[in-house]
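>>> Got a predicted model here, sequence first, then my questions.
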Number of protein chains: 2
Amino acid sequence: MADGKFGQGCGGESLLYLTDEQLSQGIEAMYFAYRGFTAEPDRILERLDYGRAHHRAIHFINRSPGTTVNNLLAILGVTKQSLNRVLRTLIKDGLVERRIGMSDKRERHLFLTDIGEQLEAHLSNSQRNRMRAAYRDVGPEAVAGFRQVLEAMMDDNLRKSVAQLNDKSA
Amino acid sequence: MADGKFGQGCGGESLLYLTDEQLSQGIEAMYFAYRGFTAEPDRILERLDYGRAHHRAIHFINRSPGTTVNNLLAILGVTKQSLNRVLRTLIKDGLVERRIGMSDKRERHLFLTDIGEQLEAHLSNSQRNRMRAAYRDVGPEAVAGFRQVLEAMMDDNLRKSVAQLNDKSA
DNA sequence: TTGGAATGTCAACAATGCTGACATAAACCG
DNA sequence: CGGTTTATGTCAGCATTGTTGACATTCCAA
């Protein structure tokens, strides 16, 4: 049921010669999957008057506790004004804590508070469940392939950021 | 080079037991890949004073020429006001043509004009190239797995829309 | 003929990008 | 020490793209 929708009438090896039609299907799959992937967190966030931008900030602060504002800016790829608007509300609402750097007092290190971590867990769980379910449906080889393609599709500098994040939390 | 970044020190079979950390990495990979994936079209569109919404409309009209406004609304999942704002400029600029339905004269059937098709090709090519390159890097099994996971991650109703699109253009 | 469907449009608002300008504090360098 | 750069925060304004609500037109269908 999970197969047969993509690339009608072609087995695995014919994927070596991808038609534009098949590539278009891949593009759409990416679009629809991303939508499905963000739908549930969006619903949770809406009730709290937050948006996707808040989610991203929370996610990456959780991923790298104590990260600086500049680090976060680099990873998210937005302007400081845009990020600050989001951070301000998260701090005001007590989800994020900002501590002055010890070695460099200009830096602000960002941490999730307890309730910040609670929301993060709530949001992550919904996405992890979806991903876990997808993984369970298709098996480990498909998962490995999925990740390889995703990584190959990233921009080079983004790929480096990911590698750094993964190294730190390894 | 394309592997070893995800899930340090675990081969394929250990993906059966996914830790939260590994799932988080998958979530991030999705986020970064989607960004990389839309970056190049965004650059092209910006020069033309269009946005991602225009891209989506063009993409799906190209995918299903003659589709109705209601069809497009269902696939894109936005309000008619939002879609109409985009369609209006595309029609005004001569990229999209709107024809009154023959059987049901209330319906408007949407088509790309020649220059609409040119822009579509331009946008698609940049994404197809990226996807083709990713596919080339990782091989056909990875590609099959990629698509399976993406499809498993979609919402049920979105998955149905995809199936319809793919059936029509098969 | 009447109700509902398909479409278009106006107005207002919200989230989240952006640019430009400016302020403060701390670090750094000569 | 003094000047420059860095890290951060903030204000104002604007664009895109999503939303609701209201209303008009045209046409199909019972």
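Thanks, I have the structure now.
>>> what number of residues lie near A:Gly36?
21 (other Cβ atoms under 10 Å in any protein chain shown). Heads up, the C-betas are built off the backbone N, CA and C, glycines and all.
>>> got a list of what it touches?
A:Gly36 makes contact with A:Arg130, B:Met153, B:Met154, B:Asp155, B:Leu158, according to Cβ atoms under 8 Å, 6 or more residues apart in numbering or on different chains.
>>> That one looks like it's in a helix, true?
Yes - counting by DSSP: H, G, I helix; E, B strand; the rest coil, A:Gly36 is located in a helix.
>>> What segments of chain A are strands?
Counting by DSSP state E, chain A has strands at residues A:67-68, A:96-100, A:108-112.
>>> Specify the stretch among those that is closest to A:Ala163.
strand A:67-68 (15.7 Å; Cβ to Cβ).
>>> And that closest one, what does it pack against?
Contact analysis of strand A:67-68 by 3 or more Cβ pairs under 8 Å, 6 or more residues apart in numbering or on different chains; DSSP states H and E lists strand A:108-112 as its packing neighbours.
>>> tell me how far the strand it packs on is from the chain's mean position?
19 Å (Cα atoms, centre = their mean, to the nearest Å).
>>> Does at least one residue of that strand sit close to DNA strand C?
No - using Cβ under 7 Å from any atom of the strand, strand A:108-112 stays clear of DNA strand C, with a minimum separation of 10.8 Å.
>>> What strands flank that strand, and is each parallel or antiparallel?
Paired neighbours of strand A:108-112 in the sheet (DSSP bridges): strand A:67-68 (antiparallel), strand A:96-100 (antiparallel).
>>> For DNA strand D, tell me whether the last one is touching it.
Looking back up the chat, that one is strand A:96-100. Yes - counting by Cβ under 7 Å from any atom of the strand, DNA strand D has neighbours in strand A:96-100: A:Arg98.
>>> Just want the residue of chain A that's nearest chain B.
Nearest residue of chain A to chain B: A:Gly145, at 2.7 Å (Cβ to the nearest Cβ).
>>> need the contact list for the residue lying closest to that residue once chain neighbours are set aside.
Counting by Cβ to Cβ, 6 or more residues apart in numbering or on different chains, A:Gly145 lies nearest to B:Gly145, which is 2.7 Å off, once chain neighbours are set aside. When contacts are counted by Cβ under 8 Å, 6+ apart, B:Gly145 touches A:Val138, A:Glu141, A:Ala142, A:Val143, A:Ala144, A:Gly145, A:Phe146, A:Val149.
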